[in-house]
Structures are given as C-alpha cells and as structure tokens.
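> how would this look folded up:
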Amino acid sequence: MRRLRGLKQLVHDAVDATTHLVKEGHDSTARAVLRVTDRIAPIAGAARDVDDVRRVSTDLVLASVRIVNRAVEVVTNAGIGLAERTAGAEPAAERAVPMRSDATGGAAWLTDAAVGLVNGVVGDQLVARGNELDLGMELRVGDAYVPLEAEALAAALANASAKAAVFVHGLGTTEWSWCLLADRYHGDPAVCFGTLLERDLGYTPLFIRYNTGNKIAESGRRLADLLETLTEHYPTPLEELALFGHSMGGLVVRSACHHGSAVGHRWVGRVRRVFCLASPHRGAPLEKFGHLLTRALDAVDLPGTQIPARILEARSAGIQDLRHGTLVDDDWLGPDADATAAESGRSVPLLPGVRYHFFSATVTQDPAHPLGFLVGDLLVRVPSGSGPEVTESTFPIETACYGGVMHHELQNHPQVYQQIRACCSE
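Below is the predicted model of the structure:
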C-alpha cells in the first residue's frame, strides 16, 4: 500500500508537470511568432492582443486539468487509506528482496529495482513532496531492515564480530546490486563481497539502502549519523570498520567520513580501510554531457528545445552532483559555484591513518588501450575512478584497474574480491 500510494502520487505529480511542459511549449511557439509580428507595425498590436487571449485560455484549460487531477488524488487517497487500514501494516522484514542473484526478474525484484531507479532520477523531488517512494536511508542485516535501536540491533546482530564491513550502493540501484551475477561469478547466487568477507576474515556485513537522488552531501551526513548510532548500539565493542562504496556510493562514503570527522563522530576512529569501486571522484562524463546539452537546448527558444531542457533540468540533485564528484554543500555556493564544485574532490581531504583503495575498470581487456582510456567502463573513466587529486597522504593509497570489466560488474567480480581480501588480510 505504501508503494502504491507513492506511485499514485508520482503519477499525479507527472500530470501536473506535463501541464507545465505544455504551457512551456505554447509560450515558446508564441514567442517565436511574436518575434516576427513585432517587426510588422500594422499587425504587431493585434498579434499581441491575440496572444493575450491565447495565454489566458490556455492557462484556464491547464488549471482545470490540474484541479481535476488533484481531486482524483484526494478521492483515491481515501480509498487506499481504507484498504490499508483493513490490510494492516506490512512487516519491514518482508519488504527486503532476498540478497540472491537468482531473485532477478521476480515481481519483488522488479518492484524494488523500479523504486531504486525512480529514487535515482527524481529522488530529491520525492523528498520535497513527501512521497512514500522515498527510500530515505536504512540499515540492512541479512534479509531484514533493522531499526537503529539497541534492542533491534542486538537481535539482528547477535553473532556480530568486532569487525564490520559496510556496503553503500550506487546511483539508481538498491543494496541488492551487491549480489549481481553471483551465480555466474561464484557458482552460488547468495555470494557477495559481504558473505565472502564474513566467511574468510570474520567481518560482519552490513548494507546501506538510501535515496540516491538526494545530494551526495545530504546522503553523506545521513550515513555519518547512521554509523554513529550503529557504533553506539552495536552489541559488541566495534573495533574496525571497512567501508565499501560502488560508483556514487564511494562519494557518499567519502562525504560521510568528512562530515563524521568534522563533528567528532566516534565511528571515524574505527575506520581502517575505504574501498571506492568505479567512483567518479573527478566527475562522470555522462553528467558533464547532460549539463552541456541542457544549457545548449535552453539557449534556443523553440518548443523542440525548451521542453527537453525542462525535462533534463528536472534530473535529481544526486545526478547533478556527479558532474564534478561534489561531496559537500558549500561547493555549490558562491558566484562561481560550478568552478567551486569542480574543486570538491581536492577540498575534502582523506582521513588520516586510513588506507584508501580506488578501483576502476575499462571495457577493453588491456586497460592501457586507447579506447579503454577514452571511455573507461562506459560510465567512469580511469583517472576519475582512480581517486581524487591529493597532494599528501598519511597512509598508502592503492589504485587498481581491471580490464574487460563493466561498471556494474565491479560490485561482485571475483578478481576484485581477491584484491579486497588481500588488502583486508594485511
């Protein structure tokens, strides 16, 4: 019911947004006509009068559509509320899609994947509208989402060790993505880096589920607060944290480390290793292109350009942060915010005394191949995935590049795990 209500609200919001796009198209067409008629003195005034009538009538029609749309929303909300009271609340444990690669294609998996994608594309707008499709941020242990309370954590982590491995997924996905292709890679659909580290080195695997459409700085703050609460209520003294972030997740981890260090969180002192897998520390080419395309379309005042520009502008704050790998809110402030954001990776230092591991990939078997250097893993180029530009470090920084591996495959690739295990065994 919660997801149905969120989906229904998203549809109503889309109807409203469509009316605004229609108005934008009408106005853009009218401006193009008036630019011509304004040059013809005998008809200039009449053309303006006609346009005033056109604008008023269009606004009235579109306003009526929005009124009917919201009236339908009120009525259907009442019906869903009645059905929800009858059915009762769904237990949190039942919402979790099993962390198995053979869950792919099932109804629960498809729903979960769709919600993750919607959060990635318009997640910040879900938050602003109070839409229940907003994933927020949750801690997953096994196949259940666990409240950050002492009693709940004690029950879920009864066999927890003093070492924890925390996994943060990337844009438009959910925590399930860490078990992608497990049956093909490991011969067991239930195997992922978390289960392997638990088996081989005694780490307790913990997975973070979050709204990837939020600004990275906001997700970083929320992750820092979550880890602080986790440290406080962890059922056994927590001695070591290993943090893993894939794609955007690596930036969220770095942002959380920065925030946690700034406010004096205790968990920061437990961090020993940070692994960033295909994270765009220096920006992602696709978002850079999207930004340039939006500006180019916006510069041309035609319906065929203005409407796509408005649609592109609606992409989430999280996606826009990937243009420069932005980690803190202050990077988007000031008169030259875009230039400031470009310096984000250098303005956020690495934690002292922590080993950092930056892994990238290329679509070509040979990472040094010109095509591999040009496109990387299709979403992140090797220089960007190899970490931020740093001038000094108090601990070793390791970089590795895997040839013939796609962006998403780094999350569960056996070669990557061998390197992770070797690093964590030191």
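> low pLDDT regions in the chain?
1, 84, 87-95, 331-347, 391-394 (pLDDT under 70).
> Geometric centre of it: which residue is closest?
In the chain, the centroid-proximal residue (Cα atoms, centre = their mean) is residue 212; its distance is 2.2 Å.
> So what's the gap between stretch 311-327 and the chain middle?
10 Å (Cα atoms, centre = their mean, to the nearest Å).
> Ends of that stretch, what's the gap?
One end of stretch 311-327 to the other measures 25 Å (Cα to Cα, to the nearest Å).
> Of all the residues in stretch 282-289, which ones are buried?
282, 283, 284, 285, 287 (16 or more other Cβ atoms under 10 Å). In short, each C-beta sits where N, CA and C put it, glycine included.
> Please produce JSON lines containing those, extended by secondary structure and distance to residue 65.
Output for the buried residues of stretch 282-289, formatted as JSON lines (DSSP: H, G, I helix; E, B strand; the rest coil; distance: Cβ to Cβ, whole Å):
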{"residue": "282", "secondary structure": "coil", "distance to residue 65": "44"}
{"residue": "283", "secondary structure": "coil", "distance to residue 65": "40"}
{"residue": "284", "secondary structure": "coil", "distance to residue 65": "37"}
{"residue": "285", "secondary structure": "helix", "distance to residue 65": "39"}
{"residue": "287", "secondary structure": "helix", "distance to residue 65": "33"}
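> Wait, a helix at the residue nearest to the centre of the chain?
No. According to DSSP: H, G, I helix; E, B strand; the rest coil, residue 212 belongs to no helix; its state is coil.
> picking up where we left off before, show me which of the buried residues of stretch 282-289 is closest to residue 218.
Of all the buried residues of stretch 282-289, residue 218 sits closest to residue 287, with 17.5 Å by Cβ to Cβ.
> Please report how far the closest one lies from residue 367.
23 Å (Cβ to Cβ, to the nearest Å).
> Could you pull up the contacting residues of residue 135?
Residues in contact with residue 135, defined by Cβ atoms under 8 Å, 6 or more residues apart in numbering, are 115, 116, 119, 123, 174, 209, 210, 211.
> can I get those in a markdown table with secondary structure, neighbour count and distance to residue 108?
Shown next, in a markdown table, are the contacts of residue 135 (DSSP: H, G, I helix; E, B strand; the rest coil; neighbours: other Cβ atoms under 10 Å; distance: Cβ to Cβ, whole Å):
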| residue | secondary structure | neighbour count | distance to residue 108 |
| --- | --- | --- | --- |
| 115 | helix | 19 | 11 |
| 116 | helix | 26 | 13 |
| 119 | helix | 29 | 17 |
| 123 | helix | 30 | 21 |
| 174 | coil | 25 | 11 |
| 209 | strand | 22 | 14 |
| 210 | strand | 27 | 19 |
| 211 | coil | 24 | 19 |
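> ok, of these, which one's closest to residue 27?
For the contacts of residue 135, the nearest to residue 27 is residue 123 (29.0 Å; Cβ to Cβ).
> tally of neighbours for the nearest residue to the closest one once chain neighbours are set aside?
Excluding the flanking residues, the one nearest residue 123 by Cβ to Cβ, 6 or more residues apart in numbering is residue 213, at 1.9 Å. For residue 213, the neighbour count with other Cβ atoms under 10 Å is 27.
> For residue 136, see how far away residue 213 is.
In terms of Cβ to Cβ, residue 213 sits 11 Å off from residue 136.
> go on, residue 353?
32 Å.
> Ok, residue 356 next?
28 Å.
> Now do the strands in the stretch 1-150 of the chain.
137-141, 144-146 (DSSP state E, counting those that start in this stretch).
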